[in-house]
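Asker: Here is the input, now give the coordinates:
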Amino acid sequence: MHTVQNAAGADEPSAAVRAWARRRVGGEIAAVRPVAGRPGGPRVWELRRADAARFFLKVATEPAGYTRETRAYRHAVPALGHAHAPVLVDSDPGRLALLLTAVPGGSAAALAPGHEDRTELYRQAGRLLRRLHDACEAGPAGGADAWADAHHAAAEERAAALSAAGELGAAECRMLRERAAALRLLPPLPAAFLHGDVREHHFLWDAAGRRLALVGFARARRGCAAEDLVRVVCGAARQDPALRAAFLRGYGRELTDAERYALPVLAALDAAGAMERGVRHGDRRAVAQARNVIGALVDGSGAGVSPGRPATAVVTRPFPARPAAGTARG
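Answerer: Residues are numbered from 1 along each chain as shown. Okay, the predicted model is just below:
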């Protein structure tokens, strides 16, 4: 079996996982190629069968990620349509392993800025994300109040950890806490089944067929659509109105007013989470990128979204309504 070594030294899956994969692909595996991923993330290998058929083998680092991704591939990802996402061939909870079909294309992160395909790529990204969001009944466990409380608690924990690590100052920590507290004041946000890690690394663009596929569902979960939209609207497309417009055109609706207010809050929390992971795994590039985002939010230049005029009226599936004052919270 041929292997290609990567920087992390994860040349091959274990013998037991490799044997399991060989049985599931239905033939001898002629080559194994490790695929680079984020520090501390799941290990991924490309498998090539003797007849040149390609598969991807993914081994999660912990059971929760394995469970989230397996459920997503079984219950939500099929809604994306043929060739717009891998198909789950099999999974093994004992080994935390998933075997997936390959889809055409390469990482959209490799496309040069201004590339003529980028606008179409973002339009298709919006369309696919909307299909995923609507794929099954969604909404955060416990409803809107529990969702807001969880984000506020996460902000408190991240601010404390990053302050103790010397990565954030008092102003940045105060911004995180205040923005997270504001989520409790918002009306219900549109619900969705989330991808959970929307970034160009998980967009595979087939330039020949001009077709996009989504991958990387290890953080898929129930939640609110804004948690996915923030990575695009306040992230990759923030400084390119054409990409933002293409994405929302594909998504099929404008942001609600509540989402416009929520997105800068979620951008701050997302950046703090990325910084915390970067500190934990020694990824100083990720820490620096997150610090830039948080700094821009502190000085008011990084929100990328403002309440503005009321968004076009659309039909959305809201969170369960917040209980009226004096009623019990479930």
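
Asker: Disregarding residues adjacent in the polypeptide, which is nearest to residue 127?
Answerer: What sits nearest to residue 127 in space, not counting adjacent residues and going by C-beta to C-beta, 6 or more residues apart in numbering, is residue 250, at 3.9 Å. To be clear about C-beta, it is placed using only N, CA and C from the backbone, and glycine gets the same treatment.

Asker: now that neighbour: how far from residue 76?
Answerer: Residue 250 sits 18 Å away from residue 76, going by C-beta to C-beta, to the nearest Å.

Asker: Comparing the two, which residue is more hemmed in?
Answerer: Neighbour totals were compared for residue 250 and residue 76, and residue 76 leads with 22 against 19 (other C-beta atoms under 10 Å).

Asker: What segments of the stretch 51-200 of the chain are helices?
Answerer: Using DSSP state H, counting those that start in this stretch, the helices of the stretch 51-200 of the chain run over residues 63-75, 118-133, 143-164, 170-182.

Asker: how many neighbours does residue 254 have?
Answerer: 17.

Asker: Is it in a helix, a strand, or coil?
Answerer: With DSSP: H, G, I helix; E, B strand; the rest coil as the basis, the three-state label of residue 254 is coil.

Asker: Could you check how far it is from residue 188?
Answerer: For residue 254 relative to residue 188 (C-beta to C-beta), the value is 17 Å.

Asker: With residue 117 instead?
Answerer: 37 Å.

Asker: Which one's more surrounded, those two?
Answerer: Remark: of residue 117 and residue 188, residue 188 carries more neighbours, 20 against 16, as counted by other C-beta under 10 Å.

Asker: thought the more buried one was touching residue 256?
Answerer: No: using C-beta atoms under 8 Å, residue 188 is not in contact with residue 256; the gap is 9.6 Å.

Asker: how far away is residue 133 from residue 23?
Answerer: From residue 133 across to residue 23, the span is 35 Å (C-beta to C-beta).

Asker: Surely residue 217 and residue 195 touch.
Answerer: Yes: using C-beta under 8 Å, residue 217 is in contact with residue 195, at 6.4 Å.

Asker: that older thread, residue 133 and residue 23: who's more crowded?
Answerer: Neighbour count, other C-beta under 10 Å: between residue 133 and residue 23, residue 133 has more, with 25 against 10.

Asker: For beta bridges, what are the partners of the residue nearest to that one when sequence neighbours are not counted?
Answerer: Spatially, and ignoring its direct neighbours in sequence, residue 133 is nearest to residue 192 (3.5 Å; C-beta to C-beta, 6+ apart). Taking DSSP bridges as the rule, residue 192 bridges to residue 223.

Asker: Roughly how far does residue 192 sit from residue 73?
Answerer: Using C-beta to C-beta, residue 192 is found at 17 Å from residue 73.

Asker: what bits of the stretch 151-300 of the chain have low per-residue confidence?
Answerer: For the stretch 151-300 of the chain, not a single residue meets the criterion pLDDT under 70.

Asker: Strands along that one, start to end?
Answerer: Taking DSSP state E, counting those that start in this stretch, the strands of the stretch 151-300 of the chain run over residues 191-194, 203-206, 211-214, 221-224.

Asker: what residues are up against residue 28?
Answerer: 22, 49, 50 (C-beta atoms under 8 Å, 6 or more residues apart in numbering).

Asker: Pull out the buried residues from those.
Answerer: residue 49 (16 or more other C-beta atoms under 10 Å).

Asker: Adding secondary structure, write the contacts of residue 28 out as JSON lines.
Answerer: Converted to JSON lines, the contacts of residue 28 look like this (three-state DSSP):
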{"residue": "22", "secondary structure": "helix"}
{"residue": "49", "secondary structure": "strand"}
{"residue": "50", "secondary structure": "coil"}
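
Asker: distance of residue 219 from residue 300?
Answerer: According to C-beta to C-beta, residue 219 and residue 300 sit 29 Å apart.

Asker: who has more neighbours, those two?
Answerer: Taking neighbours as other C-beta under 10 Å, residue 219 and residue 300 compare with residue 219 leading, 17 against 8.

Asker: Measure how buried the closest residue to residue 187 other than its chain neighbours is and give me the count.
Answerer: Leaving aside its sequence neighbours, residue 187 sits nearest to residue 258 (C-beta to C-beta, 6+ apart; 5.0 Å). Residue 258 has 20 neighbours, counted by other C-beta under 10 Å.
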